[in-house]
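Visitor: when you get a sec, could you give me coordinates for this:
(one chain, ligands or ions: 2)
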Amino acid sequence: MTSSARPLLNRRLAEFGTTIFAEMSALALSTGSINLGQGFPDTDGPEQVREAAVRALRDGRGNQYPPGPGVPELRTAIAGHQRRRYGIELDPDREVLVTAGATEAIAASLLALVEPGDEVVAFEPYYDSYAASIALAGGTRVPVTLRPHAEGGAGFRLDLDELRAAITPRTRLLLINTPHNPTGTVLTRAELTAIAELAVERDLLVVTDEVYEHLTFDDAEHVPLATLPGMRERTVSIGSAGKTFSFTGWKVGWVTSTPELVTAVRSAKQFLTYVSSGPFQYAVAEALALPDSYFAGFRADMTAKRDLLAAGLTDAGFEVFKPAGTYFITTDIRPLDPSGDGFAFCRALPERCGVVAIPNAVFYDDRAAGAPFVRFAFCKRQDVLAEAAARLKSM
Ligand code: PMP
Ligand code: GLN
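Guide: Ligands and ions are numbered 1, 2, ... in the order given. Presented below is the predicted three-dimensional model:
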């Protein structure tokens, strides 16, 4: 232990204590509550994908350091997925990089592309690792707040004028997330086109987190930013197997971009983990080649779960912002709790009724703007969601 008065944790990380996910999952365990906080499924993904991992492990594929950019089978499968689904052509050897989950992809991208003092514009509420990764890179985060739509409360939307106003000569990079955690907003093609035009006009790099690309509901369409005019050469796209195949513990993610941008991101990534999870990479390669029926079935299952929890939350008295994508429903607690203090609400919820949720305020710089919003995850078995809804109603 050092005797100096200097804090142990460096200044860049001083504002980041334990993540809300660790805090709330621990609370769920200690109180025996249903955990609708941290977003992970309570059932594993496809049996054949799990078996593919076992096979790789048994066959000794990936048990020693895989190649730095990822195993060729997975890089080829990622390129194949992007071509089949979006018509994006990628060279698997130069334009694809496998990472330890999307979390490492985000950190490596920011560490590679941001100089101290650069401004990074990101939507608020933002996934919590964004703020920490921007800070690690020495960047300055500039939040643009998504606001509940004035007309009819139909979800949270981006104000393009606010986005435009947030860009300064110091802006280096836009950090975009669609489908968006925690609001469930899926940016429309028109919104993304406007973002793309702005990025081209102001010559900005764009990092786009598309980990929920397969989780869109009803008519919502996921449009990868890299497919829009002028974007291929300035966009780093991030994906992850965790959400799409319901194996969040495997931590297999990826970056796709130009050879130059992939090389830059790899320079940072090689000193974070160097490589990760060899056998899982082979299994994810098989998963990405699953037929369209898997992805359609997954979406149908998650749509039913969303509808079940949305109805339960409405019935329990929350205002519900029905999500067009992701694992999450954001609610406004004020009809139930006029104080509108989502933090206090979430800390008390396990004792009150045995359910854990996440206060969206942690995803805001402007905590007041996020105070009344609380996020519930619906990537759980239907009987678990029904029990949670009954508990919330009885509170
Ligand atoms: N981005 C978003 C928007 C997320 O919600 C998450 C967490 N699920 C991640 C990135 C991290 O993904 P991974 O588990 O692949 O690191
Ligand atoms: N992305 C998940 C969520 O938003 C959690 C990931 C994590 O625990 N860091 O719930």
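Visitor: residues in contact with the residue of the stretch 101-250 of the chain found nearest ligand 1?
Guide: Ranked by C-beta to the nearest ligand atom, the top residue of the stretch 101-250 of the chain for proximity to ligand 1 is residue 101, at 2.6 Å. Any C-beta I mention is one placed from the backbone N, CA and C, and that applies to glycine too. Taking C-beta atoms under 8 Å, 6 or more residues apart in numbering, we find residue 101 in contact with 240, 242, 251, 252, 253.
Visitor: list just the nearest of these to ligand 2.
Guide: Nearest to ligand 2 among those is residue 242, at 8.1 Å by C-beta to the nearest ligand atom.
Visitor: so where does that closest one fall, helix or strand?
Guide: Using DSSP states H and E, residue 242 sits in helix 241-244.
Visitor: quick one: is that helix near ligand 2?
Guide: No: Helix 241-244 is not in contact with ligand 2 by C-beta under 6 Å from any ligand atom; minimum separation 8.1 Å.
Visitor: so what touches that helix?
Guide: Helix 241-244 is contacted from outside by 39, 101-102, 211-215, 247-253, 280, 284, 287-288, 295, 298, 327, using C-beta under 8 Å, 6+ apart.
Visitor: I'd like the next helix or strand past that helix.
Guide: Assigned by DSSP H and E, the successor of helix 241-244 is strand 253-256.
Visitor: which elements pack onto whatever helix or strand comes next after that next one?
Guide: Later in the chain than strand 253-256, the nearest helix or strand by DSSP H and E is helix 259-269. In terms of contacts (3 or more C-beta pairs under 8 Å, 6 or more residues apart in numbering; DSSP states H and E), helix 259-269 is packed against strand 96-99, helix 101-113, strand 253-256.
Visitor: one more time with 10 Å
Guide: Helix 259-269 sits against strand 96-99, helix 101-113, strand 205-209, strand 235-240, strand 253-256, with contacts defined as 3 or more C-beta pairs under 10 Å, 6 or more residues apart in numbering; DSSP states H and E.
Visitor: ranges for the helices of this protein?
Guide: 20-31, 47-58, 72-86, 101-113, 128-136, 160-166, 189-201, 241-244, 259-269, 278-288, 292-316, 342-353, 367-370, 382-394 (DSSP state H).
Visitor: so which residues on the stretch 251-395 of the chain come close to ligand 1?
Guide: Residues of the stretch 251-395 of the chain lying close to ligand 1 by C-beta under 6 Å from any ligand atom are 251, 253.
Visitor: residue of the stretch 251-395 of the chain closest to ligand 2, please.
Guide: Taking C-beta to the nearest ligand atom, ligand 2 has its nearest neighbour within the stretch 251-395 of the chain at residue 377, 6.4 Å off.
Visitor: let me see the contact set for that residue.
Guide: Applying C-beta atoms under 10 Å, 6 or more residues apart in numbering, one finds that residue 377 lies in contact with 35-42, 181-182, 305, 309, 326-329, 356-358, 385, 388.
Visitor: and if you look at residue 34?
Guide: Contacts for residue 34 (C-beta under 10 Å, 6+ apart) come out as 28, 42, 350, 353-357, 376, 380, 384-385, 387-389, 391-392.
Visitor: hmm, 8 Å instead?
Guide: By C-beta under 8 Å, 6+ apart, the residues touching residue 34 are 28, 354, 355, 356, 380, 384, 387, 388, 391.
Visitor: same check on residue 191?
Guide: Applying C-beta under 8 Å, 6+ apart to residue 191 gives the contacts 158, 160.
Visitor: that one and ligand 2, how far apart?
Guide: Using C-beta to the nearest ligand atom, to the nearest Å, we find residue 191 at a distance of 22 Å from ligand 2.
Visitor: where does the stretch 101-250 of the chain dip in pLDDT?
Guide: 149-154 (pLDDT under 70).
Visitor: which bits of it sit near ligand 2?
Guide: Checking the stretch 101-250 of the chain against ligand 2 by C-beta under 6 Å from any ligand atom, the hits are residue 181.
Visitor: for ligand 1, see how far away residue 42 is.
Guide: Separation of residue 42 from ligand 1 (C-beta to the nearest ligand atom) stands at 15 Å.
Visitor: give me phi/psi at that residue?
Guide: Residue 42 adopts backbone torsions of phi -100, psi 10, taken as degrees, to the nearest 10.
Visitor: same check, this time on the one 3 residues further on
Guide: Listed backbone geometry of residue 45 is phi -70, psi -170, with angles given as degrees, to the nearest 10.
Visitor: which ones are touching it?
Guide: Contacts of residue 45 (C-beta under 8 Å, 6+ apart): 245, 246, 247, 287.
Visitor: format those residues as a markdown table; extra columns: distance to residue 113 and neighbour count.
Guide: A markdown table is the format used below for the contacts of residue 45 (distance: C-beta to C-beta, whole Å; neighbours: other C-beta atoms under 10 Å):
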| residue | distance to residue 113 | neighbour count |
| --- | --- | --- |
| 245 | 28 | 26 |
| 246 | 31 | 21 |
| 247 | 28 | 24 |
| 287 | 29 | 27 |
